[in-house]
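Participant: The amino acid sequence is not available; the structure is as follows:
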């Protein structure tokens, strides 16, 4: 029993040795060396010489046994198994790259791969040779994978900051400035953005053609990449190919995001960043979204379609693997912004993001398919909705802030209040976003309140027009409360007149007129006139009373001539003192609009100068004959008119002329 077991074991050793020699039969020298070594262990192994290739076999390497087998192997093109193996093995021992050697050698290698894959697909291919073919294919696929990786990396078109930013103008990016903490900040931000766009315009772009086409990989290499991809997909190595391709392109897209200024940030980091830095990142996000979707991902899609044309599934998998992480990173920042603390300065930048995302969502639908489309487009639409909710909520909070602003310190001289400037410059930007705001503010409960006139005319207005109307009403109510901080009734009127006039100007001279309508302008111009008249009554009624003949007798000439001089002197003296007091105060008041200021001074003169000239003509003659007449008749009508023209310029004090007269 033991002897039989020993014989069986020896037979297995001999059989194994024979199999090793057959495997080496493609190289006669290697086979002979192996037989010599094995014979040193057992003389019986020397009988394997008949496995060596013979001279007349038609090939320098195959053995006699192999010759018989080869005749049973179907040919594919001009290749057979041994020849294909020889090509694969030759390059396996080389550190060189096929596509850096010569086109002929690359073609030879691909033909060898074609032969091996064809043999494996053939039902008549003998099973005893299948393992060898599979090993050769595995070796070839590893080589092709390396070749593919090197070709992709070495022939990727470099994208730098200049080329990426130059492309922004080509996709019609627009930057809408938002107000900062003051009107001056708001105006500075407008100038900065205009200069930025001008710089982009002047730099031009060789990076992208007029039809937004760019080359991500050198065009002359794409066909080589496709040749490799065809073989790997045909051989069943599409998954490995996808991993290589997606990894390379994903890293490049990440680098592009960094160039565009969009780094990875957590929600917590986004919420902690101060506004000016966040505003810059929001602008860069808008750039990155448009450039990434409209240019880079569109070209990524085209590149994957060229290289992986042989398989729709691989084409989609490679593109999705490269693009999905990048687009999700962009969307994550948008999501973080949508849940940030709401503040008025963020409103228009969030609107920019809302509109930018809305503009690219259709393109995302066309770029992705199946599960990737559901995931990415669903996420994009959800974030856009949340950004819209943030816009609506921010607008409502801004309106409440306008309504409840509690600054109690009166502004010197009745000037235009900073709140008025801020709100009016702020709402002017609503016109640019009217389409989006009409959707987001189309809700009767967005704002409430307002006066009866506004309610009557709001029915025919757009949603954004109605919301602006209510916001303006809030501002007017707040200004009315602020006017009460002035003790002087005339200054209260000047303050309201200035602010309402400023509001009218901003509406009349902008596209706000189309939202609020001519009726709003007419009503508020009438208010400006009403406040001007109220000022005249508050400031000049008393002083004009000194120029009346009350207490000076009848209207006849004899009565006037007999009027007591003392009473006349008191009237002139009271008028002078009252006018000088008005002059001292109202030259420090300010009406910024020159036309409005001139109209107001003319209205004062039309009331004061004729009355003074008439009073002086009737009673001045009685004082001129007496002593110290100039003490009471201090001003001519022309001088008074000159002094009145100095009103409302915000002067720091009275003129030298008035002090000399006083």
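Facilitator: Received it, and whenever you're ready, just let me know what you need. Keep in mind that what you see is a predicted model, and the values were worked out from it rather than measured.

Participant: all strands of this structure, in order?
Facilitator: Counting by DSSP state E, one finds no strands in the chain.

Participant: so where's it shaky on pLDDT?
Facilitator: By pLDDT under 70, the weakly predicted segments of the chain are 1-79, 161-213, 443-459, 551-563, 625-627, 653-662.

Participant: Tell me how it divides into domains.
Facilitator: 1-71, 79-154, 161-401, 414-537, 546-661 (automatic domain parsing).

Participant: so which of the ones you listed comes closest to residue 407?
Facilitator: Residue 407 sits nearest to domain 414-537 of all these, at 7.2 Å, using Cβ to Cβ. No exception for glycine: its C-beta is placed from N, CA and C like everyone else's.

Participant: any idea how far that closest one is from the chain center?
Facilitator: Averaged C-alpha coordinates place domain 414-537 at 30 Å from its chain's average position (Cα atoms, centre = their mean, to the nearest Å).

Participant: Can you measure across that domain, start residue to end residue?
Facilitator: 17 Å (Cα to Cα, to the nearest Å).

Participant: ok so, going back, any chance of the domains of the chain in TSV with mean neighbour count and distance to residue 408 as columns?
Facilitator: Below are those laid out as TSV (neighbours: other Cβ atoms under 10 Å; distance: least, Cβ to Cβ, whole Å):
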stretch	mean neighbour count	distance to residue 408
domain 1-71	14	98
domain 79-154	17	67
domain 161-401	18	16
domain 414-537	18	6
domain 546-661	16	20
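
Participant: State the distance from residue 603 to residue 322.
Facilitator: As defined by Cβ to Cβ, to the nearest Å, residue 603 lies at a distance of 73 Å from residue 322.

Participant: now do residue 92
Facilitator: Residue 92 is 30 Å from residue 322, by Cβ to Cβ.

Participant: Show me what the longest helix seen in the chain is packed up against.
Facilitator: As assigned by DSSP state H, the longest helix anywhere in the chain is helix 370-404. For helix 370-404, the packing partners by 3 or more Cβ pairs under 8 Å, 6 or more residues apart in numbering; DSSP states H and E come out as helix 312-338, helix 347-367, helix 418-428, helix 434-440, helix 463-483.

Participant: out of these, nearest to residue 377?
Facilitator: Closest approach to residue 377 among the helices and strands packed on helix 370-404 (Cβ to Cβ): helix 347-367, 5.2 Å.

Participant: by contact count, what packs against that closest one?
Facilitator: helix 275-291, helix 298-307, helix 312-338, helix 370-404, helix 434-440.

Participant: make it 6 Å
Facilitator: helix 275-291, helix 370-404 (3 or more Cβ pairs under 6 Å, 6 or more residues apart in numbering; DSSP states H and E).

Participant: CSV for the ones you listed, including distance to residue 567?
Facilitator: Listed next are the helices and strands packed on helix 347-367 as CSV, based on distance: least, Cβ to Cβ, whole Å:
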stretch, distance to residue 567
helix 275-291, 67
helix 370-404, 53
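
Participant: To residue 461, which of those helices lies closest?
Facilitator: With respect to residue 461, and counting by Cβ to Cβ, the nearest of these is helix 370-404 at 16.0 Å.

Participant: For residue 565, which of the helices and strands packed on helix 347-367 is the nearest?
Facilitator: helix 370-404 (58.5 Å).

Participant: between the closest one and helix 418-428, what angle do the directions make?
Facilitator: Counting by axes from the mean of the first three to the mean of the last three Cα atoms, to 10 degrees, helix 370-404 lies at 150 degrees to helix 418-428.

Participant: which residues touch the residue nearest the centre of the chain?
Facilitator: Geometric centre of the chain, nearest residue: residue 286, 1.9 Å, by Cα atoms, centre = their mean. For residue 286, the contact set (Cβ atoms under 6 Å, 6 or more residues apart in numbering) comprises 352, 356.

Participant: pretty sure residue 601 is touching residue 644, no?
Facilitator: Yes. Using Cβ atoms under 6 Å, residue 601 is in contact with residue 644, at 5.4 Å.

Participant: returning to what we had before: rebuild the domains of the chain as a markdown table, extending it with distance to residue 407.
Facilitator: Formatted as a markdown table, the domains of the chain follow (distance: least, Cβ to Cβ, whole Å):
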| stretch | distance to residue 407 |
| --- | --- |
| domain 1-71 | 93 |
| domain 79-154 | 61 |
| domain 161-401 | 11 |
| domain 414-537 | 7 |
| domain 546-661 | 18 |
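
Participant: Distance check, residue 462 against residue 281.
Facilitator: From residue 462 to residue 281 the distance is 32 Å (Cβ to Cβ).

Participant: swap that for residue 248, please
Facilitator: Taken as Cβ to Cβ, the span from residue 248 to residue 281 is 27 Å.

Participant: circling back to that earlier point, so which of the helices and strands packed on helix 370-404 comes closest to residue 244?
Facilitator: From the helices and strands packed on helix 370-404, taking Cβ to Cβ, the stretch that ends up closest is helix 312-338, at 9.3 Å.

Participant: tell me what the closest one is packed against?
Facilitator: Helix 312-338 packs on helix 238-259, helix 275-291, helix 298-307, helix 370-404, going by 3+ Cβ pairs under 6 Å, 6+ apart.

Participant: Perfect, that will be all.
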